[in-house]
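[1] here is a sequence with its predicted model. Questions after.
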Amino acid sequence: MTVWLSWLVLVLIIMLFLLVLSVLISSMSETSFDTNESFECGFFTGSDIHLPFCVHFFVVGILFVVFDMELVVSLPLIMANLSELVWLLWWLVYSIILFIGILLEVMCGSIDWGMW
């Protein structure tokens, strides 16, 4: 037990040393007005106005992730030692749930590309 306690104390001392060192190094750096600004792709922000984000592209991305997960979840089932009937029923239930989800998206108009 004393070995674990000594390792714990050693790790805590190292963590404390690194924390103090990082605070000292960061306080020595020069701060300017641009330090607190965001820097993306080499362009500085000219104003604080944010561009609007189209939620439609976010929804399409989420749909892609859902259907990609369908493939990731179904591939191990192929390798599993399940009977064909169990595998077929699982796949049928999973596909029906996904089909109902895509129908709801179409009926709500979330994936209507006509307006974009």
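    Structure's in. What do you need? Since the model is a prediction, treat every value here as computed from it, not as a measurement.
[2] and the contacts of stretch 4-16?
    The contact list for stretch 4-16 (Cβ atoms under 8 Å, 6 or more residues apart in numbering) is empty. Quick note: C-beta positions are derived from backbone N, CA and C, even for glycine.
[3] output that stretch as PDB, restricted to C-alpha atoms.
    Below are the C-alpha coordinates for stretch 4-16, written out as PDB (Å, rounded to 0.1, in the frame of the first residue of the first chain):
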ATOM      1  CA  TRP A   4       0.800   3.000  -4.300                       C
ATOM      2  CA  LEU A   5       0.800   6.000  -1.900                       C
ATOM      3  CA  SER A   6       4.300   7.000  -2.900                       C
ATOM      4  CA  TRP A   7       3.400   6.800  -6.600                       C
ATOM      5  CA  LEU A   8       0.300   8.900  -5.900                       C
ATOM      6  CA  VAL A   9       2.400  11.500  -4.100                       C
ATOM      7  CA  LEU A  10       5.000  11.500  -6.900                       C
ATOM      8  CA  VAL A  11       2.400  12.000  -9.600                       C
ATOM      9  CA  LEU A  12       0.700  14.800  -7.700                       C
ATOM     10  CA  ILE A  13       4.000  16.600  -7.200                       C
ATOM     11  CA  ILE A  14       4.800  16.300 -11.000                       C
ATOM     12  CA  MET A  15       1.300  17.500 -11.900                       C
ATOM     13  CA  LEU A  16       1.600  20.500  -9.500                       C
END
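[4] how distant is it from the center of its chain?
    33 Å (Cα atoms, centre = their mean, to the nearest Å).
[5] buried set for that stretch?
    By neighbour count with 16 or more other Cβ atoms under 10 Å, stretch 4-16 contains no buried residues.
[6] and for Leu63, the neighbour number?
    16 (other Cβ atoms under 10 Å).
[7] isn't it up against Glu105?
    Yes. Assessed by Cβ atoms under 8 Å, Leu63 is found in contact with Glu105 at 6.7 Å.
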